[in-house]
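1. Predicted structure and sequence below. I'll ask about it afterward.
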There are 2 protein chains.
Amino acid sequence: MRERIGDMDFMDKMFYPDSVAVVGASPSPRNMGRLIVQNLVTWEFPGSVYPVNPRGEDVLGLKGYASLDDIPGPIDLVVCFVPARAVPDVMDQCARKGVTRMAIPSGGFSEYGESGEELTEVVRRKALEHGIRFVGPNGLTIINTENGLCLPFLPMARREPGNISIITQSGGVGMSLIMFLNNQSARFNKFVSVGNKVNMDELDFLKYLGEDPGTHVICMFLESVVRGREFYEVASSIKKPVLVYKANTTEVGALTASSHTAALANDDAVLDDALRQAGVIRVDEIKRLTEMARIFDLPPMRGNRMAVVSPAGGYAVLLSDLAYKRGFTFPRLSEEVLKGFQENVRADVIRFGNPLDLGDVLSSDAIVYGLDRVMGQEDIDGVAVVLMRRADAKYDGAYSALSREIYGDIKKIIDRHNKPLAMCLLTQCHYLRHVQSRMDYPIFENPEDTVEALAVLRDFHARLGA
Amino acid sequence: MRERIGDMDFMDKMFYPDSVAVVGASPSPRNMGRLIVQNLVTWEFPGSVYPVNPRGEDVLGLKGYASLDDIPGPIDLVVCFVPARAVPDVMDQCARKGVTRMAIPSGGFSEYGESGEELTEVVRRKALEHGIRFVGPNGLTIINTENGLCLPFLPMARREPGNISIITQSGGVGMSLIMFLNNQSARFNKFVSVGNKVNMDELDFLKYLGEDPGTHVICMFLESVVRGREFYEVASSIKKPVLVYKANTTEVGALTASSHTAALANDDAVLDDALRQAGVIRVDEIKRLTEMARIFDLPPMRGNRMAVVSPAGGYAVLLSDLAYKRGFTFPRLSEEVLKGFQENVRADVIRFGNPLDLGDVLSSDAIVYGLDRVMGQEDIDGVAVVLMRRADAKYDGAYSALSREIYGDIKKIIDRHNKPLAMCLLTQCHYLRHVQSRMDYPIFENPEDTVEALAVLRDFHARLGA
């Protein structure tokens, strides 16, 4: 147990270092290491930052050093962004300085053929000799939104902390995951791009994030799982949702992956089985990794009984099909709910039931009333709702009672009944973004994701309860 | 053959009438029929428009009539938006007036239980007696962007004509399909919401759109296929892409559908087989109906040999997996292409091949050069490209050579080589919409749709050539 705590302390300093040296950061406008320093400045990282370059030049107003040896005081983390062949020397400097944590974004290792393979062996050995642990090479390494530790070598806008953390084997995919979250006004907490994972791998970070208080949901993009048995054990023990997109599932993918992050292929069927048994949520479309992560902002789904609410008959049918295929059941709406609804809603043509078709309910108040009653029905565990809003249309005349927006009401309904209501909003993109930016619950873009997310939520809580 | 031509003439007047009466349109601000007249005005429909209401009041400046009998001159199309029980009387008026085409949006028929069932029989019989053909009831009926015939009873902004036409059994789903197209700055040509399809059904409109010069691609949302054998024959004979989303594939969906458009269930496996044999493209996510339709704006895919181009190693792996699963093959890039590329691009770490990973190619010019060479390689039939653009980041310093946008170049490359290049742009939504609004080729939102669309294009042309 002591060793475990020691591990966590070590890892904590990786994400919360008091001092960071950036080797390879120079004042040249085209220097990429400079962008790492720039991010630390922009993100207001509170620790010490030491740029290191051959001539010891200052970078962005921060005092520069020609070598790690010249830096006064201890260094918790060294970012080493130099050509691959120069990495071993920096590791020696680290050893002299007593540095045990490194982030190595540099490419040019195993993913680059034979010469890179040899270099890989050198750095692997040096790490063992020197007692250094490092993330990389060939990755964007680490971002921690809690303290502004932003190490990717491309300029990034500061992000407020969220509760979703990301582990990715591909820096580019990782950046796109951040973009997907940002697109829906969602936030992430920690990000690690493990690259060739020569020393630390996804499992080290999975363990850490599994115990990290800021991380509630873990999203992983993987091209390989190296330590299968341990991965299974760690994933099984984590009580947080772990979502995985696993690429490199075909022979062509495998060829590509080996030249990318030098990843070996896994037998996909075996892996799939193991992931499922470990309670890992596997997604098969890349954007679903972040979409599905959002569902955990909702209360637990404590059973399998769903109500479906739709803005049009066609969507009621489509949603029923989707929900039925994912194994949900559809309790009848109680007479009380139906009666209350019918008294509240005045329209000639209405079809009440579950699915509930609101196509002819031309009143925001009535829709809110209906959703509240359906959510309140005891034998319903969660609700899937599709709403449609034409952002370029005026809701007046016959449609004037629909003009009031109900997104705030929905938040209150979710909180009041402490059940999940997964909402899909079909609308113009600028309007969707506008609504998402004001609401702190997930709003989905299509009915397929909406139903799938509820299934993911249900399965997670069923497993947790079991 | 004469009858066939006669059919087309009859249908033509349904979409291109010279005169339209809107029964049930009154000047009351909450009247819904008024919105139909309003659309015809907004869309600058060039024919005569006659509002009809009990007191013969004018609507939006157009002279009103108390009955069809009072209208001078012939009427090509009567829109009948009155309570269900009043529809038969309007049909009698039509008969007296010699009207043979009707659009009936009114709900309250078979989808509404027993009393509606009886009414359905009455209108069905009356149509036969009077020689009337009608679309509906319980649907949004017709839009023709070519002449501004816009009949849905909700206010719509005028749309310029495109080449995609829509047949939908659900008005609400149909509206969302128009929204999806509009979201990607794509356009539609004709739209028909068939509702309960008591008289005219999807097949009548499929036949018509199959021969309609303005329609290049047909998208259908169906809850049932009533005339299976004929549907198969008509679909088989159409040389245009026909895409279908079929809902109501499960027992719960079937229950819902019967209360919505009174649709009967089909055996999904049998239907799926028949659709495939007829060359119909079946999609299984609703947004894919419009996404896949866009791929036909690209040149034909004349074979199965694909190049994959990616902005990051992870996406190269992911795309390879997707493309391999859809049966594509990946020719080696020729020495000439690779050599030219290597001479043109200066970067330390680059992996050339197919998939081609442009992750380290930090130059728009070099990317354009590479895409042009890959598209020019003789044994490549089409290219899937994922690009990533961070709309909120400045492309300066080390990234300044990436600042130039290449979307116009890509259009030129597609035209020059007359092959499909399917592009996915991962970016912020406002930027994606901005690019889509300036470009007249499809730009996809995720890698899965991108690869799937190329497979759809390949299969369509393979069948056409066979």
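-> Perfect, I can see it now. Keep in mind that this is a model prediction, so the values were computed, not measured.
2. Contact residues of the stretch 101-250 of chain A facing chain B?
-> A:107-108, A:111-112, A:153-157, A:168-176, A:179, A:182-183, A:221, A:223, A:247-250 (C-beta under 8 Å from any C-beta of the partner chain). Yep, even glycine has a C-beta here, placed from its N, CA and C like the rest.
3. Of the residues you listed, keep whichever come out buried.
-> Listed as buried from those are A:107-108, A:111-112, A:153-156, A:168-176, A:179, A:182-183, A:221, A:223, A:247-250; burial here means 16 or more other C-beta atoms under 10 Å in any protein chain shown.
4. picking up where we left off before, sort out for me which of the residues of the stretch 101-250 of chain A next to chain B are in strands.
-> A:168, A:221 (DSSP state E).
5. what's around the nearest residue to residue A:334 once chain neighbours are set aside, how many residues?
-> Distances taken as C-beta to C-beta, 6 or more residues apart in numbering or on different chains put residue A:377 closest to residue A:334, at 5.7 Å, once the chain neighbours are dropped. Residues within reach of residue A:377, counting by other C-beta atoms under 10 Å in any protein chain shown, total 20.
6. Likewise for residue A:268?
-> Count around residue A:268 with other C-beta under 10 Å applied: 14.
7. what do you get for residue A:133?
-> Neighbours of residue A:133 (other C-beta under 10 Å): 16.
8. again with residue A:376
-> 15.
9. Phi, psi for the closest residue to it other than its chain neighbours please.
-> Sequence neighbours aside, residue A:417 is the residue nearest to residue A:376 in space, at 5.8 Å (criterion: C-beta to C-beta, 6+ apart). Dihedral angles of residue A:417 (phi, psi; degrees, to the nearest 10) stand at phi -100, psi -10.
10. correct me, but residue A:417 touches residue A:374?
-> No: here residue A:417 does not reach residue A:374: they are 9.5 Å apart, not a contact under C-beta atoms under 8 Å.
11. in the sheet, who's paired with residue A:305?
-> residue A:329 (DSSP bridges).
12. tell me the mean pLDDT over the helix or strand harbouring residue A:36?
-> For residue A:36, the element it lies in under DSSP states H and E is helix A:33-42. Mean per-residue pLDDT for helix A:33-42: 97.
13. Helices along the stretch 101-250 of chain A, start to end?
-> A:114-130, A:171-183, A:202-211, A:228-237 (DSSP state H, counting those that start in this stretch).
14. Now render those as a markdown table, adding distance to residue A:94 and mean pLDDT.
-> Shown next, in a markdown table, are the helices of the stretch 101-250 of chain A (distance: least, C-beta to C-beta, whole Å; pLDDT from 0 to 100):
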| stretch | distance to residue A:94 | mean pLDDT |
| --- | --- | --- |
| helix A:114-130 | 7 | 92 |
| helix A:171-183 | 22 | 95 |
| helix A:202-211 | 18 | 96 |
| helix A:228-237 | 27 | 92 |
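15. List the buried residues in stretch A:77-95.
-> A:77-82, A:84, A:87, A:90-91, A:93-95.
16. ok, the residue nearest to residue A:334 - contacts?
-> Neighbouring residues of residue A:377 by C-beta atoms under 8 Å, 6 or more residues apart in numbering or on different chains: A:307, A:331, A:333-334, A:337.
17. likewise residue A:203?
-> Residue A:203 neighbours (C-beta under 8 Å, 6+ apart): A:226-227, A:230-231, A:234.
18. what does residue A:337 give?
-> Contacts of residue A:337 (C-beta under 8 Å, 6+ apart): A:373-374, A:376-377.
19. per-residue pLDDT, it?
-> Among the per-residue scores, residue A:337 holds a pLDDT of 78.
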